[in-house]
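*Asks:* Task: produce atomic coordinates for the following.
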Amino acid sequence: MASTLPVSLEGIRAAARRISGRVIETPMMQSPSLGDFAGVPVHLKLEHHQTTGSFKLRGATNAVLSLSPAERSRGVVAASTGNHGRALAYAAKAEGAVATICMSQLVPENKISEIRRLGADIRIVGLSQDEAQLEVDRLVGEEGLVMVPPFDHPAVVAGQGTLGLEIIDALPEAATVLVPLSGGGLAAGVAAAIKGVSPKTKVIGLTMERGAAMKASLDAGRPVQVEERPSLADSLGGGIGLDNRVSFAMCRALLDDVILLTEAEIAAGMRHAYSCEREIVEGAGAVGIAALLAGKIRSGGPVVAILSGRNVDMEQHRRVINGEAAMFGEDGS
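*Replies:* Numbers count the residues shown, from 1 in each chain. Sure, this is the predicted structure:
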């Protein structure tokens with residue numbers, strides 16, 4: 001039962017109080033174009049307007065504030081595909097702590113440079129988030145740094161869940177909420193918040209076909225490893241950890257469905273966000289729009305799609321918008 005899960009509605013509400021004033025309560029707007037297409041009202045939660053460009057600031061801030069002063073003084077460390085690293089660097093700096101961010105060689109340079117700008121110590125290790133995590137484990141064991149994982153941590157999940165509270169407070173009649181799905185921290189937190197207030201509301205996880213670790217794990221009934229592959233939705237890459245203790249169980253218990261998207265569908269979502277909604281979003285942030293445009297969502301009432309991040313390489317974005325970019329995996333690559 002949901003009551004036995006690692007993060008409760010009460011924990012999410014406590015996180016909302018803790019991070020109040022440190023993160024933005026992002027706006028939600030209705031999309032007439034998507035509503036006409038879907039046949040029901042569609043609202044976009046503009047979380048890409050968050051201070052660091054993604055929802056990750058919520059969980060990172062809650063986690064840093066949950067540490068004792070002694071723990072913060074040791075420094076914090078995490079593996080990241082980019083957005084969590086940026087958020088943790090920002091949150092740590094705000095509290096006078098030092099952040100070390102470990103990333104694989106697949107993380108785009110624009111995300112690395114932003115983390116560096118915030119003063120974090122950066123380590124580039126291997127070709128997967130799992131390899132980057134090995135460096136995190138070494139720094140924790142040998143240098144005493146405090147790990148703040150990108151998704152598999154109760155304080156991180158509770159922080160991300162504050163986004164769900166904002167959605168259901170703003171639109172209590174929401175029938176379906178579309179959530180980008182990677183390691184599951186956002187999906188778990190949002191689902192716990194929304195189901196805690198409105199149990200009938202469906203929460204659907206959305207991810208790319210190429211290297212969808214949580215989907216493969218849910219299908220297998222246990223955490224499994226998958227090969228990381230390049231994707232327009234690079235923020236959704238990475239494994240969920242074979243010893244996952246929080247997000248897997250919560251996603252398994254709370255998500256109503258998980259839907260996979262092709263690279264072409266993700267690109268179409270990015271183009272629609274730009275041309276019709278006047279919003280610049282990265283591939284991971286466009287999956288809700290992509291699923292609606294692809295006809296993969298059926299809802300009997302209002303839909304909310306979370307636009308989770310904007311930290312896209314602008315040259316890649318230009319090529320996608322102009323239809324110039326070859327989609328990963330759909331041209332033989």
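
*Asks:* what residues are up against residue 71?
*Replies:* Residues counted as contacts of residue 71 (Cβ atoms under 8 Å, 6 or more residues apart in numbering) are residue 146. To be clear about C-beta, it is placed using only N, CA and C from the backbone, and glycine gets the same treatment.

*Asks:* Give me the pLDDT for it.
*Replies:* Looking at residue 71, its pLDDT is 96.

*Asks:* cool, and residue 81?
*Replies:* Reading off the confidence values, residue 81 has pLDDT 81.

*Asks:* I'd guessed it sits against residue 239; true?
*Replies:* No: no contact is recorded between residue 81 and residue 239 when judged using Cβ atoms under 8 Å, the distance being 10.7 Å.

*Asks:* Could you name every residue contacting both of the two?
*Replies:* With contacts taken as Cβ under 8 Å, 6+ apart, the residues that reach both residue 81 and residue 239 are residue 129.

*Asks:* Can you show me the helices along the stretch 51-200 of the chain?
*Replies:* When assigned using DSSP state H, counting those that start in this stretch, the helices of the stretch 51-200 of the chain occupy the ranges 56-66, 69-74, 83-94, 109-117, 129-143, 154-170, 185-197.

*Asks:* Model confidence score at the residue nearest to residue 41 when sequence neighbours are not counted, please.
*Replies:* Using Cβ to Cβ, 6 or more residues apart in numbering and skipping the chain neighbours, the partner closest in space to residue 41 is residue 302 (4.3 Å). pLDDT for residue 302: 98.

*Asks:* try residue 189
*Replies:* Residue 189 is assigned a pLDDT of 98 by the prediction.

*Asks:* Name the nearest residue to it, ignoring sequence neighbours.
*Replies:* With Cβ to Cβ, 6+ apart as the measure, residue 161 is the residue that lies nearest to residue 189, at 3.1 Å, once sequence neighbours are left out.

*Asks:* Distance of the one you found relative to residue 238?
*Replies:* Distance, residue 161 to residue 238, using Cβ to Cβ, to the nearest Å: 20 Å.
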